[in-house]
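Colleague: Sequence and predicted model, in that order:
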Amino acid sequence: MVQLSKPKSYYRKWVETEGIPIIDGHYVESLQEVDVFPWPRLGGLGVYINHEASDVSNDCYVAEIPPGQALVPQRHFFEIMIYVLRGRGATTVWYGTGPKRTFEWQAGSLFAIPLNAHYQHFNGQGAEPCRFLAVTNCPMVMNMVQSVEFIFGCDFEFRDRFNGEEDYFSGAGELRGRTWETNFVPDLKIFEGMLDYKERGAGGRNVRFRLAKNAMRAHISEFPVGTYKKGHRHGPGAHVVVVSGRGYSLMWREGEPIQEFPWRPGTLLIPPNQWFHQHFNTGPEPARYLALRLGGLGTQPERTSDGLSKSTVDRKLGGDQIEYEDEDPMIRQKYLEACAQNGVAVQMETFWQRPG
Ligand SMILES: [Fe+2]
């Protein structure tokens with residue numbers, strides 16, 4: 001087949017001028033340890049991570065704030081969600097004519113900056129760096145307006161998203177259906193507000209987040225010791241970062257070899273567009289991950305004729321989820337061996353026996 005070279009998008013041309021390396025890929029074993037580099041715009045250190053569809057969807061970067069320092073104040077016309085990987089610090093947020101609001105965060109915190117607000121991050125420790133992961137919808141916004149000057153120079157204030165509320169980053173938030181509407185989660189490692197989620201199998205729990213009234217969305221998911229989830233596939237841009245636990249994920253494009261990716265806290269996986277992926281807990285504690293994704297921005301999940309999200313519907317019924325009884329026997333065998341090696345008791349028997 002003839003490979004046509006893809007022209008670079010406006011976003012890609014811009015991100016290459018940021019002066020820091022770009023990791024092109026869908027797996028980073030340790031965001032805690034990935035190399036970061038001096039980044040003039042932010043004033044700290046960083047590295048970009050672009051997945052195969054970043055050009056048309058979302059991107060992410062890891063940033064580090066040196067001990068006792070602050071990053072350069074930022075403002076931009078794209079949404080951003082932040083998950084803290086390491087350290088303690090604070091962020092101040094404001095619109096030009098409004099009050100400044102400051103909140104403190106720590107490793108495990110999740111928050112978002114209201115669209116186009118000014119903000120500045122501070123390291124609250126004198127001897128240790130802070131590190132965070134940021135997922136943004138910069139690529140799609142930048143490709144649409146094609147103006148760096150506008151993206152970083154527009155002064156519109158989205159007062160319907162943030163109006164200087166005193167408790168904006170300290171309120172508990174509100175659960176609507178399966179979604180927490182909030183702006184700040186203090187520590188995802190111990191967050192208790194999850195709900196049963198049977199669709200993906202094996203006794204899992206999850207809950208979605210809508211932060212700072214963003215169009216982008218997030219969710220956390222937890223699955224018990226000795227279990228694994230069902231394989232499935234969907235569109236691009238889900239940035240999956242492991243919050244706690246140990247295990248591995250399998251990812252593969254239909255008809256191609258299955259690839260294995262081990263994980264631990266701080267591992268990042270970005271399943272490529274329509275690749276099957278499946279997550280396996282092989283450790284002695286429940287495994288929990290955070291997914292930061294585009295949500296309603298142009299990547300509405302594909303639906304079956306019944307209107308259900310294909311990624312949660314059995315392939316035999318027209319969906320994109322592989323039920324346990326239909327999976328490659330190698331997948332079950334491999335899991336049994338991995339758990340035996342770790343001395344973990346497999347708890348899958350009832351799920352394997354119960355179709356659907
Ligand atoms: Fe997924």
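Modeller: Received, thanks.
Colleague: Would it be right to say that P236 lies in a strand?
Modeller: No - under DSSP: H, G, I helix; E, B strand; the rest coil, P236 falls outside any strand and is assigned coil.
Colleague: didn't it look like it was pressed against D55?
Modeller: No - applying Cβ atoms under 8 Å as the test, P236 and D55 come out as separate, 10.1 Å apart. For every residue, glycine as well, the C-beta is placed using N, CA and C.
Colleague: Domains in the protein, by residue range?
Modeller: For the chain, automatic domain parsing gives the domain ranges 18-153, 176-353.
Colleague: ok, of those, where does mean pLDDT dip lowest?
Modeller: Mean pLDDT is lowest for domain 176-353 among those, at a mean of 91.
Colleague: what residue is smack in the middle of the chain?
Modeller: Residue closest to the average C-alpha location in the chain (Cα atoms, centre = their mean): L292, at 2.6 Å.
Colleague: doesn't that one fall inside a strand?
Modeller: Yes - note on L292: a strand contains this position according to three-state DSSP.
Colleague: Just list the residues touching it, thanks.
Modeller: By Cβ atoms under 8 Å, 6 or more residues apart in numbering, the contact set of L292 is N58, C60, M81, Y83, L133, V135, M216, A218, A238, H239, V241.
Colleague: can you give me the strands in the stretch 101-250 of the chain?
Modeller: 101-106, 110-113, 118-123, 130-136, 174-176, 179-182, 184-185, 195-196, 205-211, 217-223, 231-232, 239-244, 247-252 (DSSP state E, counting those that start in this stretch).
Colleague: Now do the last one: distance to the chain's middle.
Modeller: Looking back up the chat, that one is strand 247-252. Relative to the centre of its chain, strand 247-252 is centred 16 Å away, using Cα atoms, centre = their mean, to the nearest Å.
Colleague: got the contact list for it?
Modeller: 26, 228, 231, 240, 258-263, 269, 271-272, 275-283, 287, 331, 338.
Colleague: Now intersect those residues with the strands, please.
Modeller: 231, 240, 259-263, 269, 276-281, 287 (DSSP state E).
Colleague: Which among these count as buried?
Modeller: Applying 16 or more other Cβ atoms under 10 Å to these, the neighbour count classes G231, V240, F261, W263, L269, F276, H277, Q278, H279, F280, N281, A287 as buried.
Colleague: And the residues you listed, which is closest to T92?
Modeller: T92 lies nearest to V240 out of these, by Cβ to Cβ, at 29.5 Å.
Colleague: you'd agree that closest one is up against L269?
Modeller: Yes - using Cβ under 8 Å, V240 is in contact with L269, at 4.5 Å.
Colleague: Which one of the contacts of L292 is nearest to Y48?
Modeller: C60 (7.5 Å).
Colleague: circling back: okay if I get the buried ones among the ones in strands among the contacts of strand 247-252 as JSON lines plus distance to G43?
Modeller: Below are these laid out as JSON lines (distance: Cβ to Cβ, whole Å):
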{"residue": "G231", "distance to G43": "42"}
{"residue": "V240", "distance to G43": "29"}
{"residue": "F261", "distance to G43": "33"}
{"residue": "W263", "distance to G43": "31"}
{"residue": "L269", "distance to G43": "29"}
{"residue": "F276", "distance to G43": "41"}
{"residue": "H277", "distance to G43": "36"}
{"residue": "Q278", "distance to G43": "40"}
{"residue": "H279", "distance to G43": "36"}
{"residue": "F280", "distance to G43": "40"}
{"residue": "N281", "distance to G43": "39"}
{"residue": "A287", "distance to G43": "35"}
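Colleague: so which of those residues comes closest to P21?
Modeller: Among those, L269 lies closest to P21 (Cβ to Cβ), at 19.8 Å.
Colleague: Okay, and the beta partners of that closest one?
Modeller: Y27, V240 (DSSP bridges).
Colleague: thinking it is in contact with L290, fair?
Modeller: No - using Cβ under 8 Å, L269 is not in contact with L290; the gap is 11.2 Å.
Colleague: give the contact list for the closest residue to the residue nearest to the centre of the chain other than its chain neighbours.
Modeller: Spatial nearest neighbour of L292, chain neighbours left out: V135 (3.9 Å); criterion: Cβ to Cβ, 6 or more residues apart in numbering. By Cβ under 8 Å, 6+ apart, V135 lies in contact with N58, D59, C60, I80, M81, Y83, M216, H239, L292, R293.
Colleague: Quick check: V135 vs S221, distance?
Modeller: Between V135 and S221 the distance is 16 Å, computed by Cβ to Cβ, to the nearest Å.
Colleague: For the residue nearest to A53 when sequence neighbours are not counted, list the residues it contacts.
Modeller: For A53, ignoring the flanking residues on the chain, the nearest one in space by Cβ to Cβ, 6+ apart is P236 at 3.6 Å. Listed by Cβ under 8 Å, 6+ apart, the contact set of P236 reads H51, E52, A53, S57, I270, P271, P272, N273, T299.
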